[in-house]
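Engineer: What follows is a predicted protein model with its sequence.
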Amino acid sequence: MTLAVLFPFLMALVCAWAGQKLGRRTGYLAAAAFLPALALALPLAGMPGAAPVTETTRWVAELDLSLAFRGDGFSLLFAVLIGLIGLLASLYSVAYLSATEKFGRFFPYLLLFGGSMLGLVLSDNLIALFGFWEMTSVTSFLLIGLWHTRGAARDGAVKAFLVSALGGLALLTAVAMLVIAGGTASLSGLDLAAVRESPLFTPALLLTILAAATKSAQLPFHLWLPTAMEAPTPVSAFLHSATMVKAGVLLVAKFGLIFGGAALWSGILVPLGLVTLAWGSWLALRQTDLKALLAYSTVSQLGLLVSLYGLADAEGRFAATAHLLNHAAFKAALFFVVGIIDHETGTREIPFLEKLRSKLPLTFVVALVATLSMAGLPPLGGFISKELFYEGMLHRGWPYLAVAVAGSMLTFAYCARLLGIFFARRTPLPAAAEDLREHRVKDHIHEAGPGLLLPPALLAGAALLFGLWPGSAEWLTRTAQGALDFGEYGGHLSLWHGVTPALLATLLTWALGAAVVWQAPAFAALQSRLTPLWNANTVYYTLTQGLGHLASTVVARTQGLALPDQLRIMLLSAGIMGGYAVWRSPQVFQPIGRVPLELVPIGVLLVAGAVGVLLSRNRLTAVIVTGLTGFGSAAAFLALRAPDLALTQLLIEAVTVILFLLAFRYLPGVRDLPRTRGRLILDAVLAGAAGLGTTLLVLSSLRFLAPPISPYYLVNSYSGGGGKNAVNVILVDFRGFDTMGEGLVVAMVALAVSSLVTLGKSGRTRTAPGDSPDLSPLPSRHQNRRRK
Amino acid sequence: MSPKRKKPAPTIGVNSPAPPPLSGDPILRTVSRAAFALVMLFALLLLWRGHNAPGGGFIAGLMTVAALLLHRIATGRSALRVPPLTLIPFGVALSVLTGLVPYLLGQPFLKTAYGYITTPLTGEFEWATALIFDIGVYLTVVGSGLSIAENLAEVHPTERVEEDE
C-alpha cells in the first residue's frame, strides 16, 4: 500500500525528466504509475468480512506522526477507483493532448495529484491525512492552472485553491481537536467515547463539515468547481468528477463514524446536501457549455452523496456507496465524451452542436448509456442507487423527499438537454450568449480514435453492468461494509423491488422532468427571471478585491512614508509591545556583577560609534563610523572569549561596508528634513524610550529563567559531535537544522535581490537622458548577456 | 520614497562625479594578486579547521566573498567562472544531503559522524561529515554574498523603474 501511494510520486519525477524526450508517450509511463494502486484490488477481493490491511512506517514519533496506511474495504474501493480512472485518464490524455503540450509538466502534476489522493484515502494517521488533503489542494491548483497563460485558468486555479485551503485550515483545526480529545493521531485508534465526551466534539464536528463542504463543493462553496473546468478535459474527468471532489464525501463517510451519533451532524449535512443537489442541477440546466453543465451536475451529485452519507445510518451508507460507484463510472465517462466532442467538433457549446448521432455514432452510444445512468433510468446503475436515495430520504421525512425529487427532476431535464446535441434538435442561442457567436464548428467531423473512445466505453460498460447485473455493484458496495458499519444492513441492489413509494417518486420525477423538457423555452425564461443577481461568485470577487484594496491601502499608508516616519512607527509599536510585556510580567533585574576592565574602552568605542553616526553629514562617513560599533562588538566578543563570533562579526563588517558602498551609489545625499520643535521633542522621547527599553531588556536577560544550556554543549560537543570547537559543533550538528534554515534564508535573500534587479532590467527600465551608460565601477561579464 | 522630487538632491556620496574605473589602478592590481591568493588560502584553512578551532563554513564563505570582491574590483573581472547564483543550489543540496544520509541510515536527521584515519604523509587526522555540511554552508554563503554584490554593482546608477515616479 505504501508502495501504491509513493509510486506515483516517484513516477512523477521520471515523467518530469522524460516529458521532453517522450512527448505524449509519457502518458504510458504515467498510466503505469497507477498499476500498484490497481493491485490493491487483490486484497479488496476478499474484503467483505476480512480484516483490513495495515502498513505503518514510523516517521516523526515525537509528533505521533507516521505514514500509517489502512486498507479497509471502503478505502481500497476508493483507491482502486482512483487508480483505474487515473490510468484511463493518462491513456486518454495521450490521444487528447496536442503535441505541443508541456508533457514534462502535465503528467507529473497528474501523478502528484493521484499520489496525494491515494495517500488521502488510505491514510490512517490524522496528521498525514491532513497533509495529503492539502497536497490535493496544491496539486489541483497546479493542474487547473496548467494553461496559465489564460486568465480564466489562473482565476479558476486561485479560486479553487483559496476555497479548498480555507477548508484545509478547518480540517487542520478539526484534526488537532480530534487528536487532543481522542488521545492519538491514529484514525482507527481514536478513543471514540472520549471524543464524544469532550467539549471539543461540537467544534470539531462543525469544522469537519466546513472542510468537507469546501472540498466537495457544497453550497455555498460550489463556486470553485465550475471554474476549475479550465483544466484540460482529462484532468477534469480525473479530478473533478471521480476523485478530488469526492475527498469531501470521503471525509463525511469516514468521520461519520465519529460524529454520526450527533443530531447536529445529520441535521446539517442532509439539508446541505439536498439543497446543493437541487441548486446544482438548477444551475446545470442553465449552462450552454457542455463541460460547465457537467461541472454543475457534479455539484448536484455530490450533494446527493453528502446527504446520503450525512444520514449516518447503515441504509444511507449502503446507498451512498452504491451511488458513489455509479457516479464515478458515468461522470468520468461523460467527461471523456465531452472531451471527444470538443476534440472532434472544436466547440463545447450546446447551441452549435447538432445531429452528432450520425457523425459520432460510437460516441453517441457511450454518451447515451452514461447519460441515462446519470438521469436514473433503468436498466442502468444510476436508477438503482437513486431508488435507494429516495428510500433513505423518505425515512427522513416527506419534505426531504420533495427536495430530492425536485433536484432529480432537473437532473432528468439537463440529461435530456445533454443528449439533445446528438439529435436534430438545435437549441436556440440564448440572448445573453452574444459572445459565443464567433464559435465555429469544424466542417468535417470524424469519429474519435480508439485512444479516445476506449476509456469512456469501458466506464459506460461498467454503468451498464451495474444496472443489468446489480449483483456486481452490490458485491463491490458490500466490500465497504466493515469500514462503514453497515454489515447488518440487509438491503440489496435490484432493478425491480416492487411498487414502493420510491418507485412512485421516480415515476413522478420522470413525469415532471419530461414536462420541463417539453416546456424547455418557457422554463429557461422562468429560470433567467428567477436567478438572482447576487450569487456566491459575486461574494467571492467582492471579498478578494476588497482584500486587495485593503492591502494596497495599508501599504500606501505605511510604506509610502518618509524614512523618519517609518522609524517612528516602528519604535512606537516596538515600545508599546515591549512595555506591555514588561507590564504583564515584571522583570527582576540582577545586580550587575564585576565588569571586566577591558570592556570599558570597548564600551567607549561603541558609544563613540553611535554618537558619530548622528553627527556625520555624509553617508560614507556614517558607514565608517558605524564600523566602529561593529568592530567594537567584535572586540567585546574577543574579550569575552568568543573568537568565532568575533571573526564572523569582523568579516560581516568588511562585507557589509562593500555592499553599503555599492548600494549608496543610487541614493541621494543626506538631507536634513525640517523638524518642528514638537517633532524634535517627540523624537528625542521616542529615541530615549527605545534605548532605555533595549537596555532594560538586555539587563533582564541576565537573569536565567532556566538552567543555562551551555555546559551541556561544552561537555558533549567533543564526545557527541567530534569537534573541539563547540560553536561549530552546535552549528553543524546539535542545531544543524537551524543552520540549514539560515542558509536557506541567505540564499533566499540573494534570489530576491537578483530577481528585483533583473526585474528592473527586463525592458521596463529607462536610462535617464544625459547620463553616460557605463558608470559602474565593476564591469560585469554577465552584464551584456543580461542586457540584450 | 519622497514624492514630487524630479531632480535628485546634490549628492555627496561616491557618485559625484563619476568615479574613475578602479580596475585601472596598478598598485591595487598588484597587491590584490597576492592578497587574493592568501585570503583564499586562509578562507579554506578556516573552513577546514572549523570543527576544532575558530572558523567554519559561514566565516570562510564571508572571507571568500571579500576576496572575490577584491579581485573583482582590482581586475574588473570575476575570478569565478560561473554566475554566483548557481553555487546556491549545490550548497543547499549538499547540506540537505548530509542531513538525509544519516536519516536514511536510521540515525537522527543531520547526525554527523566522525572518525580518525592515519595516512603515511599526514599522520593521524580526523574526518567528520560535519565538514561536508560546512562546505554546503560555505557554497551557499559564497553564492549568495557574491550574487548580491554583483547584482548591486550591475544596476546602472541612473536606471529607474518606470513606476518609481
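Structural biologist: Thanks, I have it.
Engineer: Any idea how many residues pack against residue 61?
Structural biologist: No chain specified, so I'll use chain A. Using other C-beta atoms under 10 Å in any protein chain shown, residue A:61 has 8 neighbouring residues. Glycine gets a C-beta too; all of them are placed from N, C-alpha and C.
Engineer: not quite, I wanted chain B
Structural biologist: For residue B:61, the neighbour count with other C-beta under 10 Å is 31.
Engineer: Check residue A:116 too.
Structural biologist: Residue A:116: 26 neighbours (other C-beta under 10 Å).
Engineer: quick one, what contacts it?
Structural biologist: Remark: with contacts taken as C-beta atoms under 8 Å, 6 or more residues apart in numbering or on different chains, residue A:116 is in contact with A:132, A:135, A:136, A:139.
Engineer: Tell me the first helix or strand C-terminal of the helix or strand where the last one lies.
Structural biologist: It stands for residue A:139. With secondary structure defined by DSSP states H and E, residue A:139 is part of helix A:126-144. Following helix A:126-144 in sequence order, the next helix or strand is helix A:151-182 (DSSP H and E).
Engineer: In that next one, which residues are buried?
Structural biologist: A:153, A:155-164, A:167-168, A:170-179, A:181-182 (16 or more other C-beta atoms under 10 Å in any protein chain shown).
Engineer: can you confirm residue A:497 is in a helix?
Structural biologist: No - read with DSSP: H, G, I helix; E, B strand; the rest coil, residue A:497 is coil and lies in no helix.
Engineer: if I look at it, how far off is residue A:338?
Structural biologist: As for residue A:497, its distance to residue A:338 is 33 Å (criterion: C-beta to C-beta, to the nearest Å).
Engineer: the more surrounded of these two?
Structural biologist: residue A:338 (24 against 15).
Engineer: The more buried one touches residue A:291, doesn't it?
Structural biologist: Yes - with contacts defined as C-beta atoms under 8 Å, residue A:338 counts as touching residue A:291 at a distance of 5.5 Å.
Engineer: intersection of neighbour lists for those two?
Structural biologist: Among the neighbours of residue A:338, those also in contact with residue A:291 (C-beta under 8 Å, 6+ apart) are A:233, A:348.
Engineer: that older thread, farthest-separated two in the contacts of residue A:116?
Structural biologist: A:132 and A:139 (10.2 Å; C-beta to C-beta).
Engineer: In terms of neighbours, single out the busier of those two.
Structural biologist: Using other C-beta under 10 Å as the criterion, residue A:132 and residue A:139 rank with residue A:139 on top: 23 against 20.
Engineer: host element of the residue nearest to the more buried one when sequence neighbours are not counted?
Structural biologist: Leaving aside its chain neighbours, residue A:139 sits nearest to residue A:113 (3.9 Å; criterion: C-beta to C-beta, 6 or more residues apart in numbering or on different chains). Secondary structure assignment for residue A:113, by DSSP H and E: helix A:103-122.
Engineer: got the angle for that helix vs helix A:126-144?
Structural biologist: Relative orientation of helix A:103-122 and helix A:126-144, computed by axes from the mean of the first three to the mean of the last three C-alpha atoms, to 10 degrees: 150 degrees.
Engineer: what's the residue most central in space within chain B in contact with, if anything?
Structural biologist: By C-alpha atoms, centre = their mean, the mean C-alpha position of chain B lies nearest to residue B:142, the distance being 2.2 Å. When contacts are counted by C-beta under 8 Å, 6+ apart, residue B:142 touches B:61, B:64, B:65, B:68, B:84, B:87, B:91.
Engineer: Now do the helices in chain B.
Structural biologist: Applying DSSP state H to chain B gives helices spanning B:26-49, B:57-75, B:87-104, B:130-154.
Engineer: My error: substitute the stretch 451-600 of chain A in the last question.
Structural biologist: Taking DSSP state H, counting those that start in this stretch to define them, one finds helices in the stretch 451-600 of chain A at A:470-478, A:481-484, A:501-518, A:520-530, A:536-559, A:563-584, A:599-615.
Engineer: out of the ones you listed, which comes closest to chain B?
Structural biologist: Checking the helices of the stretch 451-600 of chain A against chain B by C-beta to the nearest C-beta gives helix A:536-559 as the closest, at 8.0 Å.
Engineer: which intervals of chain B have sub-threshold pLDDT?
Structural biologist: Low-confidence segments of chain B, defined by pLDDT under 70: B:1-24, B:110, B:115, B:117, B:119, B:121-126, B:154-165.
Engineer: can you rerun that using 90?
Structural biologist: B:1-35, B:44-59, B:62, B:66-86, B:92-135, B:137, B:145-165 (pLDDT under 90).
Engineer: wait, residue A:65 sits on residue A:129?
Structural biologist: No - between residue A:65 and residue A:129 there is no contact under C-beta under 8 Å: 10.9 Å.
Engineer: which neighbours do the two share?
Structural biologist: When C-beta under 8 Å, 6+ apart defines a contact, no residue borders residue A:65 and residue A:129 alike.
Engineer: Could you work out the most separated pair of the contacts of residue B:142?
Structural biologist: Pairwise over those, using C-beta to C-beta, the maximum falls at B:68 and B:91, 15.0 Å.
Engineer: And residue A:67, its phi and psi?
Structural biologist: Dihedral angles of residue A:67 (phi, psi; degrees, to the nearest 10) stand at phi -80, psi 80.
Engineer: Excluding covalently adjacent residues, which one is nearest to it?
Structural biologist: Nearest to residue A:67 is residue A:57, by C-beta to C-beta, 6+ apart, at 4.2 Å.
Engineer: Next one: the one you found from chain B, what distance?
Structural biologist: 13 Å (C-beta to the nearest C-beta, to the nearest Å).
Engineer: cool, and residue A:10?
Structural biologist: Distance, residue A:10 to chain B, by C-beta to the nearest C-beta: 15 Å.
Engineer: Can you get me a residue count around that residue?
Structural biologist: Around residue A:10 there are 13 other residues, counting by other C-beta under 10 Å.
Engineer: With residue B:28 instead?
Structural biologist: 16.
Engineer: nearest spatial neighbour of it, skipping sequence neighbours?
Structural biologist: Here the residue nearest residue B:28, using C-beta to C-beta, 6+ apart, is residue B:74, at 4.8 Å.
Engineer: I'd assumed residue B:34 was in contact with that neighbour.
Structural biologist: No - contact criterion C-beta under 8 Å: residue B:74 and residue B:34 do not qualify, at 10.9 Å.
Engineer: So which of these two has more stuff around it?
Structural biologist: Between residue B:74 and residue B:34, residue B:74 has the larger neighbour count (other C-beta under 10 Å), namely 21 against 9.
Engineer: Quick check: the more buried one vs chain A, distance?
Structural biologist: 11 Å.
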